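Undergrad: structure for this input, please:
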Amino acid sequence: MQTETATQPKAQPLWTQVIRWLIGLGVAALSCWLLAQNVDRQNLGKALTSADYRWVITGALAIIATFFTRTQRWRTLLWQSATRLRPTLTALLMGQVANMALPMRGGDMIRAAWIGPERGTGTVEALGSIAVEKVWDLVALLACGLILLVWIPLPDWFARSTWGTALALLVGGGSLLLVLRWQEPLFHLAGRLLACLPAGWDQALLPRLRRLANGLEAIQQTNTSLRAASWTGLTWTLSTLANLAVLTAFGIPSVVAALFLLVALMLGGNIPIPGKLGIYEGICVISLHNLFHLASNERALAIGLVLRLIVMGPPLLAVILLTLLPHGRTRNTNERS
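TA: Next up, the predicted model:
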C-alpha cells in the first residue's frame, strides 16, 4: 500500500515563491503608502477610541461561529469519510492562516495534507472536496452580488464583476459536472495517453486522478449538496453580521454596506499579497468613504483595521490553541493511500 506521503502535491520551486512574495510585498507597501496619504492620525486615533467595542466583540464571536459552520460544510463535502470535528477544524484553520501568508492559495494544500490521514480521508480526495467548497462560495458570492444589484444602484465595475462570477460559475461548474458525468471514458482515454509516456506514469497518475474525482463527487450528491448549501448560507450570513457589528461599533449600522464589504473583501482576499496588507483597509476606504459616503477617510480606515483584527486574529489564536493542547492531532492507523 502506498503511504500518504506519496500523495502529497509537489512543492513549487523556492525561487518562484520568493518572486511572488517580493511582488506581493511591493504591492502591499504601495497600498499602505497610498492609504497613509491624506490621513489625519489624530482623527484616526479618535475614530478608533470612540468605537463601541462591545459590538466589535459581537463581530468577533460571529467570525468564530463561522469556524464551525465552515467545518461542518467541509465534513459534509467529505461525504465518503467519517472525519471528526476537531481535526477537521484544525486543518481548516491552519489552511486559512497559511493562506494569509502563502501565495496562490498554498494554505489549501496544507489543509488537505493535514486532514488526509484522518479516518482514511486521503489528501487528494480532500483537495477535491476543497474545490467543491470553492464552487459553493462562488454560488454565495454570486447570490450576494445579485442581491446588491437589485437593492441599490452600484458602479458598472461591480456589475461586471458579478456577471464575471456568473460566467466563471457556469463554465467551471458545468465543466466539472460534465467531467464527472463522463469520467469513465475520460479515464480510459487518459490511460491510453499516459501509456505513451515513460513507464510508470500511468500507474502513478491514474490512481490520483480517480481519488480526486472521488473528492469531487460530492457536487453530484443531492443530500450532500442540500446540506452544503445550508452551511454555506449560514456561513455567509454570519460573516455579514460580523461586518454589520463592526460598522455599528463605529455608528454606521448599514446592512447594505455590510453585505457590500463582504463581497468586496471576498474578491479582494484572492489578491496574492502576504497578510493581505492594505487590502482590507483599502476596500473599506473605497467602499465607505468614496462609494457610499458613510464615513470619513479616517473612520473608514479605522473600520478596515478593526475588520482585519477580527477576521485574522481569531483563526491565528485558534490554531495555536488547537495545535498546542493535548491530542491536537491524531492519526488513524488505517490510513488510506
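Undergrad: for stretch 134-147, which outside residues touch it?
TA: 73, 158, 161-162, 165-166, 168-169, 172-173, 176, 219, 228-229, 232-233, 235-236, 259, 262-263, 266-267 (CB atoms under 8 Å, 6 or more residues apart in numbering). In this view, the C-beta of every residue, glycine as well, is placed from N, C-alpha and C.
Undergrad: would you map the helices across the protein?
TA: 14-36, 41-50, 53-77, 85-101, 106-115, 123-151, 156-181, 183-194, 201-216, 222-249, 255-268, 279-284, 297-324 (DSSP state H).
Undergrad: tell me which of those helices lies nearest to residue 290.
TA: Comparison of the helices of the chain against residue 290 by CB to CB identifies helix 297-324 as nearest, at 8.5 Å.
Undergrad: check which helices and strands that closest one is in contact with.
TA: On a contact count with 3 or more CB pairs under 8 Å, 6 or more residues apart in numbering; DSSP states H and E, helix 297-324 meets helix 41-50, helix 53-77, helix 85-101, helix 222-249, helix 255-268, helix 279-284.
Undergrad: switch the cut-off to 6 Å
TA: Contacts defined by 3 or more CB pairs under 6 Å, 6 or more residues apart in numbering; DSSP states H and E place helix 297-324 against helix 41-50, helix 53-77, helix 85-101, helix 279-284.
Undergrad: report the distance from the third one to the chain centre.
TA: To tie it back to what came earlier, the one meant is helix 85-101. 10 Å (CA atoms, centre = their mean, to the nearest Å).
Undergrad: name the residues of that helix that come out as buried.
TA: 86-100 (16 or more other CB atoms under 10 Å).
Undergrad: please name whichever of these scores lowest on pLDDT.
TA: Minimum pLDDT for these is recorded at residue 100 (79).
Undergrad: out of the helices and strands packed on helix 297-324, flag the one nearest residue 125.
TA: Closest of those to residue 125 is helix 53-77, at 10.1 Å (criterion: CB to CB).
Undergrad: how close does the residue positioned nearest the centre of the chain sit to residue 297?
TA: The centre of the chain sits closest to residue 96, judged by CA atoms, centre = their mean, with a distance of 6.8 Å. Per CB to CB, to the nearest Å, residue 96 is found 30 Å from residue 297.
Undergrad: over to residue 291?
TA: 13 Å.
Undergrad: likewise for residue 93?
TA: Taking CB to CB, one finds residue 93 at 33 Å from residue 297.
Undergrad: among the contacts of stretch 134-147, the buried ones, what's the PyMOL command?
TA: Applied in PyMOL, the following selects the buried portion of the contacts of stretch 134-147 according to 16+ other CB under 10 Å:
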select buried, resi 73+158+161+162+165+166+173+176+219+228+232+233+235+236+259+262+263+266+267
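Undergrad: so where's the stretch 101-250 of the chain shaky on pLDDT?
TA: Scanning the stretch 101-250 of the chain for pLDDT under 70 picks out the ranges 102-105, 120, 199-202.
Undergrad: roughly how far apart are residue 318 and residue 92?
TA: 10 Å.
Undergrad: let me fix that: residue 72
TA: 10 Å.
Undergrad: also residue 62?
TA: Taken as CB to CB, the span from residue 62 to residue 92 is 17 Å.
Undergrad: OK, contacts around the closest residue to residue 125 other than its chain neighbours?
TA: Residue nearest to residue 125 in three dimensions, not counting chain neighbours: residue 215, with 3.9 Å by CB to CB, 6 or more residues apart in numbering. Residues in contact with residue 215, defined by CB atoms under 6 Å, 6 or more residues apart in numbering, are 125, 128-129.
Undergrad: in JSON lines: the residues you listed, plus neighbour count and distance to residue 279.
TA: What follows is these, written out as JSON lines (neighbours: other CB atoms under 10 Å; distance: CB to CB, whole Å):
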{"residue": "125", "neighbour count": "28", "distance to residue 279": "32"}
{"residue": "128", "neighbour count": "23", "distance to residue 279": "29"}
{"residue": "129", "neighbour count": "29", "distance to residue 279": "27"}
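Undergrad: which of these lies closest to residue 187?
TA: Closest approach between those and residue 187, by CB to CB: residue 128, at 14.6 Å.
Undergrad: how close does the nearest residue in space to that closest one that is not next to it in sequence get to residue 124?
TA: Leaving aside its sequence neighbours, residue 128 sits nearest to residue 215 (CB to CB, 6+ apart; 2.0 Å). According to CB to CB, residue 215 stands 7 Å off from residue 124.
Undergrad: likewise residue 164?
TA: 29 Å.
Undergrad: ok, now residue 236?
TA: On the measure of CB to CB, residue 236 and residue 124 end up 28 Å apart.
Undergrad: next, the contact list for residue 257, please.
TA: 247, 292.
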